[in-house]
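Peer 1: Predicted model and sequence follow; I will ask about them next.
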Amino acid sequence: MTTFVSAADAARDASYEDRRRIQDETADMAVRLRREMDAGLSPEDMKRAQAEKAAVDAAADILEKLFK
């Protein structure tokens, strides 16, 4: 299990490794969601997965901007 590090704290004073870990975890979430979506879901589950994927993608965009 990973130690929680907030993105706001990481943007301010975390090491490169902490920032990378946050971005890697976000990328892992996106990959897991894509796999589930590709495997086939019920219409209701697909809607939920699409909303989750949109949130993960938005988080990845925000992290990229924060960590520049």
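Peer 2: Done, it's in. Keep in mind the model is a prediction, meaning the values are calculated, not measured. Numbers count the residues shown, from 1 in each chain.

Peer 1: what about residue 43, distance to residue 51?
Peer 2: 13 Å (CB to CB, to the nearest Å). Where C-beta positions appear, they are placed from N, C-alpha and C, glycine not excepted.

Peer 1: out of those two, which sits in the busier spot?
Peer 2: Set side by side, residue 43 and residue 51 show more neighbours around residue 51, with 10 against 7, by other CB atoms under 10 Å.

Peer 1: Please give the element, helix or strand, for that one.
Peer 2: helix 43-66 (DSSP states H and E).

Peer 1: heading toward the C-terminus, what's the first helix or strand past the helix or strand of the chain with the lowest mean pLDDT?
Peer 2: In the chain, no helix or strand scores lower on mean pLDDT, DSSP states H and E than helix 7-13, which sits at a mean of 71. Note on helix 7-13: by DSSP H and E, the next helix or strand toward the C-terminus is helix 16-39.

Peer 1: Quick one: residues contacting the residue nearest to residue 46 when sequence neighbours are not counted.
Peer 2: Nearest residue to residue 46, sequence neighbours excluded (CB to CB, 6 or more residues apart in numbering): residue 37, at 6.7 Å. Shown in contact with residue 37 (CB atoms under 8 Å, 6 or more residues apart in numbering): 46, 49-50, 53.
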